[in-house]
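K.L.:
Give me a model of this one.
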Amino acid sequence: MLRTAFTLGLILFSLATGLQAQDKAATLPEGFKAIFNGKDLSGWSGGSTWWSVEDGCLTGVTDGKLDYNRFITWKEGTVKNFELRVKVKVTKGGNSGLQYRGKERPDLGEWVVTGYQCDVVPDKDDYNGMLYEERGRRILAHTGEKVVIDPQGQPWVVGKLPIKSFPSGEWHDYRVLVEGNHHQHWIDGVPTVDVIDLDEAGRALEGVIAVQVHRGPVMKIQYRDFWVKKLPDDLPLLTSAQAPVSADAVKVVPQGGPAKKAAK
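P.N.:
A predicted model of the protein is given here:
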């Protein structure tokens, strides 16, 4: 009986180990390019105080004393229209983000990148997967919102999406699709935001990819299977006529603003 139990345990352990190895060796989808090699930080630039490779993952850590957000940037190109897929795991209380169409700003501080961001905040369901603009227009769409940003830069909620929880400490699949001025984010296949940016003065149509460690509590963030597919540069931009702001739309709550949204 003991021998049977021991044999069964070995079989189960082997199966689990095999599944983990299979998961780590995920197949690259057609048309995608891996932008992190799982071995070292080749092709990336960021402070070694916060960034390293651990267990085959791009890993960021903070000690709770960070005075402002820091980034590590992919240095082998910029993105315009693209699809991004990456697996992400963050510790409880952690806060990070996938920066895209960003701009490196050493004039603002060491390893600062501005621009669009798909937030990674597992402990805040209405922030996790939202669209934020670092050091810019800030919150453009909370999680669960379909938004049109008008030509003056004001985001308006024109529809809703279901909000789901994605616990910290577990791997989740993040996906970002940007076509022209149309931005969409997903977590584990669940849409989190859908945004059309009509603000010609405020929006960016091309820039760098980066990831963030956020000031605040001690945290650890890990990224793996980091893949990008470039789409045609000449995809059309949606217009105000194609993306109207309905009469019953409400303003997106600004950072630090009141919880209740103001009617238009």
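K.L.:
Quick check: bridge partners of residue 159?
P.N.:
Taking DSSP bridges, one obtains residue 146 as the residues bridged to residue 159.
K.L.:
Would you enumerate the residues in contact with it?
P.N.:
Counting by CB atoms under 8 Å, 6 or more residues apart in numbering, residue 159 makes contact with 145-146, 194. (Each C-beta comes from the backbone N, C-alpha and C, glycine too.)
K.L.:
Can you add neighbour count and distance to residue 38 and give those residues back as CSV?
P.N.:
Output for these, formatted as CSV (neighbours: other CB atoms under 10 Å; distance: CB to CB, whole Å):
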residue, neighbour count, distance to residue 38
145, 26, 34
146, 18, 35
194, 19, 31
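K.L.:
Closest one of the residues you listed to residue 82?
P.N.:
For these, the closest approach to residue 82 (CB to CB) belongs to residue 194, at 16.6 Å.
K.L.:
tell me the contacts of the nearest residue to the closest one once chain neighbours are set aside?
P.N.:
Using CB to CB, 6 or more residues apart in numbering and skipping the chain neighbours, the partner closest in space to residue 194 is residue 146 (4.5 Å). Going by CB under 8 Å, 6+ apart, residue 146 touches 157-161, 193-195.
K.L.:
Make CSV out of these and add pLDDT and distance to residue 115.
P.N.:
Below are these laid out as CSV (pLDDT from 0 to 100; distance: CB to CB, whole Å):
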residue, pLDDT, distance to residue 115
157, 98, 22
158, 97, 23
159, 97, 25
160, 97, 26
161, 98, 23
193, 98, 16
194, 98, 19
195, 98, 14
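K.L.:
and these, which are buried?
P.N.:
157-158, 161, 193-195 (16 or more other CB atoms under 10 Å).
K.L.:
Can I get these in a markdown table including secondary structure and distance to residue 106?
P.N.:
Output for the buried ones among the contacts of residue 146, formatted as a markdown table (DSSP: H, G, I helix; E, B strand; the rest coil; distance: CB to CB, whole Å):
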| residue | secondary structure | distance to residue 106 |
| --- | --- | --- |
| 157 | strand | 35 |
| 158 | strand | 37 |
| 161 | coil | 37 |
| 193 | strand | 29 |
| 194 | strand | 33 |
| 195 | strand | 28 |
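K.L.:
Read off the pLDDT value for the residue nearest to residue 194.
P.N.:
At residue 146, the model reports a pLDDT of 98.
K.L.:
go on, the one 3 residues further on?
P.N.:
The model reports residue 149 with a pLDDT of 98.
K.L.:
That one is in contact with residue 198, isn't it?
P.N.:
Yes: between residue 149 and residue 198 there is a contact under CB atoms under 8 Å: 5.8 Å.
K.L.:
where in the protein is pLDDT low?
P.N.:
Along the chain, the model assigns pLDDT under 70 to residues 1-25, 256-264.
K.L.:
Quick check: what element follows the top strand by length along it along the chain?
P.N.:
As assigned by DSSP state E, the longest strand anywhere in the chain is strand 219-230. Downstream of strand 219-230, the first helix or strand assigned by DSSP states H and E is strand 250-251.
K.L.:
As a check, name the ranges of all helices in the stretch 1-150 of the chain.
P.N.:
Applying DSSP state H, counting those that start in this stretch to the stretch 1-150 of the chain gives helices spanning 2-24.
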